[in-house]
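A.B. asks: this is a predicted model, with the sequence first.
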Amino acid sequence: MARKTTIPALLLLVAMATTTAARAEPNASLHARAMEESPDPIRPGSPGGAPFWNEHARQFMFAPAFDFKPVAGATVYRFTLTLTDGAARTFEADVPWAPLTPVWADVPAGRVELKVEGLDRRGGAVVGSAGKKTFHRAAAFNGPYGTPVVAYNESARLALASVLAEPFVRSWRTTGRPDSSSYALYRYASKVIGSLLSGCAMYASQSPRPADADEAIETARRAADFLIGISCPAGTPLEHFPPTYHGAKPTERENDVWTMLMSPAEAGNGYLDLYEVTHDARYRAAAARIADTYRKTQRPDGTWPLKVDNRTGEPIAQIDLIPSVVITFLDRFDDAHQPTRDRAVQWVMENPARTFDWKAQFDDAKLRGPYQNLSKHEACEFASYLFRRGKNDPQKLALAKEILRFAEDQFVTWEKPPDLQTRNEKLRPENWYTPCSLEQYAMFEPISGSSAFMIVAYVRAHEATGGDALYLAKARSLANALTVAQRDHKGRYPTRMIRQDLSYWINSTINTARAMTLLAAAEGGK
């Protein structure tokens, strides 16, 4: 019989792990590839052509191009990049929006101050400024980084056990309700409770089967039944959709009468995960009802509003849902829901996959306009879908790679983090675990769940490309840092990848455990 993992035993297992994570020897050939790719810009903008998506970007790993305007009387433009140490790199180009490719490989990681000046034809005199920009030049990959403190499968097992040991999780079996007084984040009902269903299912599916697997399943059943019970009633505009918010204090961001339309798919994935381990048809039926409502409410263009009023189904703001998670959810059904999925895929192909407006869609965040607050969650989710479903289509495979490069460019820190100004000393870059991935422009902080999105996308890229070693090395590097953070945080993955965490989102730990399990499977179960 498998041994039950108690909290003392869990902490002992973590304490027994290697006390330091050794730095793996960098792979020169992988670094050479990363440096070779570094000057290649990602979807550079041009007037009247591709849109400039990076106006609010904080960092660049690949050579950027900016929306600088022509200067009257200028015939050539001088680009000057001033580095942290005061040294400069310069080049000239015919247009002010040219990518920084000519000097990019010679720009070290760190703060860069860029200015672009228009010069006249006679003697190169400056006739005006085209623009200025300050940003962080992110370090190119020079890994693999670190070694795992524990094997990836074991890391996932420990993390899931840490979630199930929480009193506010154990209480589901006795109360059948969320212990919101102990864990306030249950107010994000679909996201947090839906992820708990997945976490319990993953935990119970381990081999050998844990001794307390039945307890995990009972926890999931009680949580799923509660979520089904508070879903929108039949006959209402969002019938059978579980709520985004439950018991939330009304603010400009949160209200129990609002639904963000990625949330039902998040809960639906939890129902399907629970169904796969219990074979209880009630949970598949609950997921199917969610899929039916997505079908009935899908707009002719293929997507949905991002945020709506539950009572009317009308949008709260004129912002479209990027339906990446809905696509992943619908893809788990048979042919009945594939037309809905395919229309959603086509919308993404015609919109963010073309414009690169991968705007953040977080239920605790303020809604913002085009390009103001980009994230990589929806981008990675969609790239992962393309890697799985489009790997035999050269155009889709190329697009998936480009989207993944965008996510890495904007949100991954391999080493030498940006010198962010913050009033919270705990969030200072010297307190980060690296490598790591940041969440969104508006919360430019290292998040374990963000690393998870990148790991999944890298593993899918590795599979779709027939085993490209660079993708797997990147996934391992992020995972190795997660195991170090896990050791220091007594078995769980900290939500923020910092020495002293500020809050604990169990969905972040559960999503990270899923990513670690996927990576272990890619390595033959290690």
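C.D. replies: Received it, and whenever you're ready, just let me know what you need.

A.B. asks: from the centroid of this protein, which residue is nearest?
C.D. replies: Nearest to the geometric centre of the chain sits H377, at 3.2 Å (CA atoms, centre = their mean).

A.B. asks: residue contacts, that residue?
C.D. replies: S324, A360, Q361, E439, S450, F453 (CB atoms under 8 Å, 6 or more residues apart in numbering). From N, CA and C alone the C-beta is placed, and that goes for glycine too.

A.B. asks: any weak-confidence spans in the stretch 351-500 of the chain?
C.D. replies: Along the stretch 351-500 of the chain, the model assigns pLDDT under 70 to no residue.

A.B. asks: now the phi/psi pair for the closest residue to G73 other than its chain neighbours, please.
C.D. replies: Distances taken as CB to CB, 6 or more residues apart in numbering place V127 nearest to G73, at 4.5 Å, with adjacent residues excluded. V127 adopts backbone torsions of phi -110, psi 0, taken as degrees, to the nearest 10.

A.B. asks: does V127 touch Y77 like I think?
C.D. replies: No - if you go by CB atoms under 8 Å, V127 and Y77 don't touch, sitting 10.4 Å apart.

A.B. asks: more neighbours: which of those two?
C.D. replies: Y77 (22 against 15; other CB atoms under 10 Å).

A.B. asks: which SS class is that one?
C.D. replies: strand (DSSP: H, G, I helix; E, B strand; the rest coil).

A.B. asks: before we move on, what about the one 5 residues further on?
C.D. replies: Of the three states, T82 takes strand according to three-state DSSP.

A.B. asks: hey, what's it bridged with?
C.D. replies: Beta-bridge partners of T82, counted by DSSP bridges, are A88, E113.

A.B. asks: re the thing from before, what touches both of V127 and Y77?
C.D. replies: V71, G118, L119.

A.B. asks: can you give me the neighbour number for the second one?
C.D. replies: By the measure other CB under 10 Å, the count of residues near G118 is 22.

A.B. asks: Validate this expectation: it resides in a strand.
C.D. replies: Yes - judged by three-state DSSP, G118 forms part of a strand.

A.B. asks: what sits opposite it in the beta ladder?
C.D. replies: What pairs with G118, by the bridge criterion (DSSP bridges), is Y77, G128.

A.B. asks: show me where pLDDT drops low in this structure?
C.D. replies: Using pLDDT under 70, the chain drops low at 1-24, 123, 526.

A.B. asks: now the residue nearest to A105 when sequence neighbours are not counted: which helix or strand?
C.D. replies: Distances taken as CB to CB, 6+ apart put P39 closest to A105, at 5.3 Å, once the chain neighbours are dropped. Assigned by DSSP states H and E, P39 belongs to neither a helix nor a strand.

A.B. asks: look up how far R476 lies from P39.
C.D. replies: 25 Å (CB to CB, to the nearest Å).

A.B. asks: now L482
C.D. replies: 10 Å.

A.B. asks: more neighbours: those two, which one.
C.D. replies: Neighbour count, other CB under 10 Å: between L482 and R476, L482 has more, with 32 against 25.

A.B. asks: which helix or which strand is home to the more buried one?
C.D. replies: With DSSP H and E as the criterion, L482 is inside helix 469-488.

A.B. asks: same question, F91
C.D. replies: strand 88-93.

A.B. asks: can you give me the buried ones in that strand?
C.D. replies: R89, A93 (16 or more other CB atoms under 10 Å).

A.B. asks: other SSEs contacting it?
C.D. replies: Strand 88-93 is packed against strand 76-83, helix 101-104, with contacts defined by 3 or more CB pairs under 8 Å, 6 or more residues apart in numbering; DSSP states H and E.

A.B. asks: could you dump the ones you listed to JSON lines with distance to L470?
C.D. replies: JSON lines is the format used below for the helices and strands packed on strand 88-93 (distance: least, CB to CB, whole Å):
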{"stretch": "strand 76-83", "distance to L470": "27"}
{"stretch": "helix 101-104", "distance to L470": "19"}
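
A.B. asks: wait, which of the ones you listed is closest to P210?
C.D. replies: The closest of those to P210 is helix 101-104. By CB to CB, the value is 49.8 Å.

A.B. asks: export the closest one as PDB, just CAs?
C.D. replies: Output of helix 101-104 as PDB, limited to C-alpha atoms (Å, rounded to 0.1, in the frame of the first residue of the first chain):
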ATOM      1  CA  THR A 101      19.300  44.300 -35.400                       C
ATOM      2  CA  PRO A 102      22.600  45.800 -36.500                       C
ATOM      3  CA  VAL A 103      24.000  46.200 -33.000                       C
ATOM      4  CA  TRP A 104      21.700  44.000 -30.900                       C
END
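
A.B. asks: what packs against it?
C.D. replies: strand 88-93.

A.B. asks: for G146, give its distance to G73.
C.D. replies: 53 Å.

A.B. asks: more neighbours, the two?
C.D. replies: Shown here are G146 and G73; by other CB under 10 Å, G146 has more neighbours (23 against 12).

A.B. asks: distance from the host helix or strand of T328 to the middle of the chain?
C.D. replies: Assigned by DSSP H and E, T328 falls within helix 324-330. Computed by CA atoms, centre = their mean, to the nearest Å, the chain-centroid distance of helix 324-330 equals 15 Å.

A.B. asks: got it, and stretch 255-273?
C.D. replies: With CA atoms, centre = their mean, you get 17 Å for stretch 255-273.
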